[in-house]
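Peer 1: all I have is the shape, not the residue letters:
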Ligand code: NAP
């Protein structure tokens, strides 16, 4: 990718609010800058939506709801499928844009285009498979009809770490189900969502079905939208503390909610594991997305008998990672999203070192422009360390050791989170026991990446409510209605 590619892409981006099919300035006339985290320089500025713009977006979504709900499912699916195709045609632009605004290496951004766009293709296929059932009550006196109906206008709040996939994972099933949408992307990464909205327009999405309101005032814009009785659904991906606040706000109107919240994933390596597979899986589970993933392995829980060998092999691979701007060849680790993220990761590492952790590699920020943190491996982390309780969101491996299976399960479950767990063992029965005993919404058994559009993504405990993707994903956007009718033979 050249500097010219970047200038052409940024110069052609939509940077207004999308409301009711029009790209507009914010009602307050303000704009905000989007920065490149690898240099700190301004990429472009976008319109800064006011709370009034949020309500105008909901007006548009509410006005478009009935017509979209009664659009034939095949037609809704074809628009989504068309958008998927356009995303393939523009995959280089989408990947470059994500690397520019978020920092991840370009190869990973290209991977996210594949993963994220797949939610449009997958749900284009699900749109025509929304079914119900017809049954006889046990008494034989009645016939029950169960039908599915779009929930209605939805409000989506997305995070910065997967700017494409976290939006498409919600937009795809909502549009397939017949719901209209207002999206508030993360302030740090609004550009990918704006380009995705333009692509959906090009694919033929009618005005008002999707509205996008980037803003620097997330709370102030969100509150009146959630209070408005026309809104029927909130879907949020982000941190658990913000999610809890939103659940409380959504309670006022008894809104349906889907919550994809934080994680604290254990990565268990048993003494019978294939260590090559475990190290490969560890690199993916930890360093994908610069460690800034809710699914990132946060705690490596390794059997004492193989811990030294696992740590040495993993450290050798981590030491070979090239740190740099995500657009450069061979870079495996881009910048963290901002200075606060660097400070947070470093505080966690220093706390662990202060409690006796052994530093095998790295252990601090990288000097220079941009917000980089050195790939780090710390071993023999003390159980009281903050790093074992907190999402690190950076390229840091922290290793604790165990001696028997029950202890491994106890350590893994000792967290209020329950998003994903990784388990490496060659023993099938042990793998099955882990499926039953680990408190988790998802598990990688001898694999380091679990995300897939065909699978129900989501957590238990404080990692969230609801599922995105798979056959389950569309049900987040459908209400079940049941009708009792008399027996036709009465
Ligand atoms: P965050 O601070 O919770 O922000 C997420 C989104 O919420 C952003 O769009 C943010 O807007 C908005 N927001 C913040 N305060 C708000 C408020 N009072 N009212 C309405 N919206 C508000 O999380 P983040 O740092 O961007 O993302 C990282 C977190 O997301 C991690 O905890 C990660 O585990 C989680 N995550 C979970 C999943 C999953 O599927 N479970 C996937 C990816 C990420 P601004 O950008 O304007 O602040």
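Peer 2: Cool, got the structure. The structure displayed is predicted, hence computed values, not measured ones.

Peer 1: how about the residues of the stretch 351-490 of the chain by the ligand?
Peer 2: Counting by CB under 6 Å from any ligand atom, the stretch 351-490 of the chain comes close to the ligand at 391, 419, 459, 464. From N, CA and C alone the C-beta is placed, and that goes for glycine too.

Peer 1: same check, this time on the chain
Peer 2: When proximity is defined as CB under 6 Å from any ligand atom, the chain approaches the ligand at 157-162, 166, 186-188, 218-219, 222, 237-239, 242, 245, 260-263, 294, 391, 419, 459, 464.

Peer 1: mind naming the longest helix for the chain?
Peer 2: In the chain, taking DSSP state H as the definition, the longest helix is helix 106-126.

Peer 1: from the contact counts, what lies against it?
Peer 2: Taking 3 or more CB pairs under 8 Å, 6 or more residues apart in numbering; DSSP states H and E as contact, the helices and strands that helix 106-126 lies on are helix 73-89, helix 91-102, helix 165-177.

Peer 1: any chance of these in JSON lines, plus mean neighbour count and mean pLDDT?
Peer 2: JSON lines is the format used below for those (neighbours: other CB atoms under 10 Å; pLDDT from 0 to 100):
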{"stretch": "helix 73-89", "mean neighbour count": "18", "mean pLDDT": "98"}
{"stretch": "helix 91-102", "mean neighbour count": "24", "mean pLDDT": "97"}
{"stretch": "helix 165-177", "mean neighbour count": "29", "mean pLDDT": "98"}
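
Peer 1: picking that back up, chain center to the longest helix of the chain: distance?
Peer 2: Relative to its parent chain, helix 106-126 has a centroid offset of 12 Å by CA atoms, centre = their mean, to the nearest Å.

Peer 1: of all the residues in the stretch 101-250 of the chain, which one is nearest the ligand?
Peer 2: residue 238 (2.7 Å; CB to the nearest ligand atom).

Peer 1: contacts for the helix or strand harbouring residue 349?
Peer 2: Following DSSP states H and E, one finds residue 349 within helix 339-354. For helix 339-354, contacts defined as CB atoms under 8 Å, 6 or more residues apart in numbering pick out 291-292, 336, 359, 363-365, 371-373, 376, 378, 381-382, 385-387, 390, 392-396, 398.

Peer 1: mind listing the strands the following helix or strand past that helix pairs with, and their directions?
Peer 2: The helix or strand immediately downstream of helix 339-354 is strand 358-361, counting by DSSP H and E. The sheet places strand 358-361 alongside strand 376-379 (antiparallel), with pairing taken from DSSP bridges.

Peer 1: list the buried residues in the partner strand.
Peer 2: Neighbour-count burial for strand 376-379 flags 376, 377, 378, 379 (criterion: 16 or more other CB atoms under 10 Å).

Peer 1: on that earlier part again, now the longest helix of the chain against helix 73-89, angle please.
Peer 2: Here helix 106-126 runs at an angle of 170 degrees relative to helix 73-89 (axes from the mean of the first three to the mean of the last three CA atoms, to 10 degrees).

Peer 1: average model confidence for helix 106-126?
Peer 2: For helix 106-126, the mean pLDDT works out to 98.

Peer 1: show me what the very next helix or strand once past it is packed up against.
Peer 2: Next along the chain after helix 106-126, taking DSSP H and E as the criterion, comes strand 133-136. Judged by 3+ CB pairs under 8 Å, 6+ apart, strand 133-136 is in contact with strand 142-150.

Peer 1: among the residues of the stretch 351-490 of the chain next to the ligand, which lie within strands?
Peer 2: When DSSP state E is applied, these are split such that residue 464 fall in strands.

Peer 1: quick revisit: got the angle for the longest helix of the chain vs helix 91-102?
Peer 2: Using the same axes, to 10 degrees: helix 106-126 against helix 91-102 is 120 degrees.

Peer 1: tell me which residues in helix 106-126 are buried?
Peer 2: 106, 108-113, 115-124, 126.

Peer 1: again with stretch 456-467
Peer 2: Within stretch 456-467, the residues that qualify as buried by neighbour count (16+ other CB under 10 Å) are 456, 457, 458, 459, 461, 462, 463, 464, 465, 466, 467.

Peer 1: kindly reformat those as TSV and extend each row with distance to residue 302 and pLDDT.
Peer 2: Shown next, in TSV, are the buried residues of stretch 456-467 (distance: CB to CB, whole Å; pLDDT from 0 to 100):
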residue	distance to residue 302	pLDDT
456	29	98
457	26	98
458	27	98
459	23	98
461	23	98
462	25	98
463	23	98
464	27	98
465	32	98
466	32	98
467	30	98
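
Peer 1: fine by me, thanks again.
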